[in-house]
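In: below: sequence and its predicted model.
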Amino acid sequence: MKFIYADSIDQIDPEYDFLRDKHSAGRRPYWSDSYPHEYFAPPPYDGVLVSRGIVGDSRVKGKYSDAHAMRFRREGARAFLRMDTPQLKNLPIFGDCGAFTYVKEKVPPYSAEEMARFYSDGQFTHGCSVDHIIFAFRPQSQGMEGAEGDDRDRFDITLENARVFRKATRSIPGFTPLGAIQGWSPDSMAEAARQLEKMGYDYLAVGGMVPLSANEVHIALRAIRSKLKPSTRLHILGFAKAEQISEFYDYGIESFDTTSPLYRAFMDAKANYYVPTAGIGLDYYTAIRVPLAVEDPALTRASLRGELRQEEATKAEQGALAALRAFDSGKLKLEAAVEAVMVYQRMYQTAKVKTEKALQKTLADTEERVRRTLSASPWKTCPCRVCRESGVEVIIFRSSNRNKRRGFHNLYVYSEHVARISGEVKERNTEYVKEKA
């Protein structure tokens, strides 16, 4: 089972100065910064996915700058991602059309032939056919019944695009096409899979999984797999249940893509830092928020209203940082470090939270999580490069370079997690075969 990371130019400055909170001298964005696959050796994933919707163009506003998009189109995905080195030249590059970016349109903005050219010009190794998302999922619908609104139109558009795409990509050397599955029910998704396999696809990309519960994902995959040959591979697009991937291994999943480990580092309220547990589990710690006093919106608004002095906030901010670093070096006890962090948290949360009752609950919860994180100090025992080089900075929720470093750490832990799952299942299957023999 391959973990494919969905990238959107997620980089860090390797020489970032944490003490001064400044980028390295002479840094050039993109050129001086590192992707996870450059920072770690080996890479913390089995391949990269680039969505056309992320790159963007005249029809769809992506996340790339105009200069980045132009360079991507000129150089191709492998050179742009700096995966053209001897160590990375064999790492797969997947692509999709970015269906979320045009979900409200009546038809996709790209034709199957256009996407084939995009993949060919970009030197992708794998690419998905053009799909049109069907968000509704009705587990009780039988057969091809239960379609509502334009569900059936999107189903037909996706299959017709797959039919044309299969022919359009035959001449691309070394390229593996994936037929995209969309449907409004388990049976309709299974029918889509059956038709795609009949077209000649032996690798299918399952779309529409993002809003589904874990139980619904099971129902959909079970129905899809029941209509396919055992040799037909499955890829799950945008797998939002990444932490539960072990539950879905037995459906014959060849690969899946997700951004979850990196983005939870700074988008999740509590589970920011991944740690492995015994067996094939994961646990999480909460990063300690120490926002920049002069930049945080809540603090600056409170200062403008005269509710706090900016100088006091800055002093408390620096006190929290100094305490965390002193604790990390063994020069400060746990309770003193917690109290220094909470001095700043009281200012920060008072500026944010509207009622006294909510404020007291937030402060109590925050103190509990800060104490748990510092008591465990998980970064001290983590072998990854981020934790070895950054120390306590990796657990501080503050600015992109710390937060994305923590995301890099999560990618490292998660890739090891997926490898453990694959290893355990292989071992279980080997023992089963021996028992049968």
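Out: Yep, it's here.

In: flag every buried residue along the helix or strand encompassing Lys357.
Out: Assigned by DSSP states H and E, Lys357 belongs to helix 356-376. Across helix 356-376, burial judged by 16 or more other C-beta atoms under 10 Å covers 362-363, 366-367, 369-371, 373-374. The C-beta positions use only the backbone N, C-alpha and C, and glycine is treated the same way.

In: next structured bit after that helix?
Out: Going down the chain from helix 356-376, the next helix or strand is helix 385-390, by DSSP H and E.

In: could you dump that next one to CSV, C-alpha only?
Out: In CSV, the C-alpha atoms belonging to helix 385-390 read as follows (Å, rounded to 0.1, in the frame of the first residue of the first chain):
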residue,chain,number,x,y,z
ARG,A,385,15.6,15.0,11.4
VAL,A,386,13.1,17.7,12.3
CYS,A,387,13.1,16.8,16.0
ARG,A,388,16.9,16.2,16.1
GLU,A,389,17.7,19.6,14.6
SER,A,390,14.8,21.7,15.9
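
In: heading C-terminal from that helix, find the next helix or strand.
Out: strand 396-397.

In: just how off-centre is that following strand within its chain?
Out: On the basis of C-alpha atoms, centre = their mean, to the nearest Å, strand 396-397 sits 19 Å off its chain's mean C-alpha point.

In: need the contact partners of that strand.
Out: Residues outside strand 396-397 that contact it (C-beta atoms under 8 Å, 6 or more residues apart in numbering): 266, 272, 287-291, 321, 324, 402-403.

In: can you tell me the strand partners of that strand and which way each runs?
Out: strand 288-289 (parallel) (DSSP bridges).

In: identify the residues contacting the partner strand?
Out: Residues from elsewhere that reach strand 288-289 (C-beta under 8 Å, 6+ apart): 324, 341, 345, 348, 370, 373-374, 395-398.

In: before we move on, the earlier item: elements contacting the helix holding Lys357?
Out: Judged by 3 or more C-beta pairs under 8 Å, 6 or more residues apart in numbering; DSSP states H and E, the packing partners of helix 356-376 are strand 282-285, strand 288-289, helix 334-352.

In: tell me how far the shortest one is from the chain's mean position?
Out: Between the mean C-alpha location of strand 288-289 and the chain-wide mean there is a distance of 21 Å, by C-alpha atoms, centre = their mean.

In: right, and the helix or strand after that strand?
Out: helix 297-304.

In: export the following helix or strand past that next one as PDB, just CAs?
Out: Per DSSP H and E, the first helix or strand lying C-terminal to helix 297-304 is helix 310-328. This file holds the C-alpha atoms of helix 310-328, laid out as PDB (Å, rounded to 0.1, in the frame of the first residue of the first chain):
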ATOM      1  CA  GLN A 310       1.500  45.600  23.500                       C
ATOM      2  CA  GLU A 311       4.700  45.700  25.600                       C
ATOM      3  CA  GLU A 312       3.200  43.400  28.200                       C
ATOM      4  CA  ALA A 313       2.100  41.000  25.600                       C
ATOM      5  CA  THR A 314       5.500  40.900  24.000                       C
ATOM      6  CA  LYS A 315       7.200  40.400  27.300                       C
ATOM      7  CA  ALA A 316       4.900  37.500  28.100                       C
ATOM      8  CA  GLU A 317       5.500  36.000  24.700                       C
ATOM      9  CA  GLN A 318       9.200  36.100  25.100                       C
ATOM     10  CA  GLY A 319       8.900  34.700  28.600                       C
ATOM     11  CA  ALA A 320       7.000  31.700  27.200                       C
ATOM     12  CA  LEU A 321       9.600  31.000  24.500                       C
ATOM     13  CA  ALA A 322      12.500  31.400  27.000                       C
ATOM     14  CA  ALA A 323      10.700  29.000  29.400                       C
ATOM     15  CA  LEU A 324      10.100  26.400  26.800                       C
ATOM     16  CA  ARG A 325      13.800  26.500  25.700                       C
ATOM     17  CA  ALA A 326      15.000  26.400  29.300                       C
ATOM     18  CA  PHE A 327      12.700  23.400  30.000                       C
ATOM     19  CA  ASP A 328      14.000  21.600  26.900                       C
END
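
In: how about helix 310-328: buried residues?
Out: With burial defined by 16+ other C-beta under 10 Å, the residues of helix 310-328 counted as buried are 313, 316-317, 319-321, 323-328.

In: between helix 334-352 and it, find me the angle.
Out: Per axes from the mean of the first three to the mean of the last three C-alpha atoms, to 10 degrees, the angle that helix 310-328 makes with helix 334-352 is 150 degrees.

In: do I have it right that Phe266 meets Phe408?
Out: No. Using C-beta atoms under 8 Å, Phe266 is not in contact with Phe408, being 11.8 Å away.

In: the two - which one has more neighbours?
Out: More crowded of Phe266 and Phe408, by other C-beta atoms under 10 Å: Phe408, with 27 against 17.

In: what about that one, which helix or strand?
Out: Using DSSP H and E, Phe408 falls within helix 399-436.

In: same check, this time on Arg194
Out: Element membership of Arg194, judged by DSSP H and E, is helix 186-199.

In: ok, now Leu178?
Out: strand 176-181.

In: quick check: mean pLDDT of that strand?
Out: Averaging pLDDT along strand 176-181 gives 98.

In: what of stretch 325-342?
Out: Average pLDDT, stretch 325-342: 98.

In: what score does the residue found closest to Arg325 once you drop the neighbours it is linked to in the chain have for pLDDT?
Out: With C-beta to C-beta, 6 or more residues apart in numbering as the criterion, Arg325 has its nearest non-adjacent residue at 6.1 Å, and that residue is Val392. Per-residue confidence (pLDDT) for Val392: 98.

In: enumerate every residue touching Val392.
Out: When contacts are counted by C-beta under 8 Å, 6+ apart, Val392 touches 324-325, 327-328, 379.

In: make TSV from the residues you listed and add distance to Ala336 to it.
Out: Below are the contacts of Val392 laid out as TSV (distance: C-beta to C-beta, whole Å):
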residue	distance to Ala336
Leu324	11
Arg325	13
Phe327	8
Asp328	13
Trp379	19
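
In: pick the one among the residues you listed closest to Glu243.
Out: Nearest to Glu243 among these is Trp379, at 20.0 Å by C-beta to C-beta.

In: I'd like the distance between the closest one and Cys387.
Out: According to C-beta to C-beta, to the nearest Å, Trp379 and Cys387 sit 4 Å apart.

In: wait, what's in contact with the nearest residue to Cys382 once chain neighbours are set aside?
Out: Leaving aside its chain neighbours, Cys382 sits nearest to His409 (6.8 Å; criterion: C-beta to C-beta, 6+ apart). By C-beta under 8 Å, 6+ apart, the contact set of His409 is 265, 273-274, 382, 384, 386-387, 394.

In: and Tyr251, how many neighbours?
Out: 17.

In: all good on my end, thank you.
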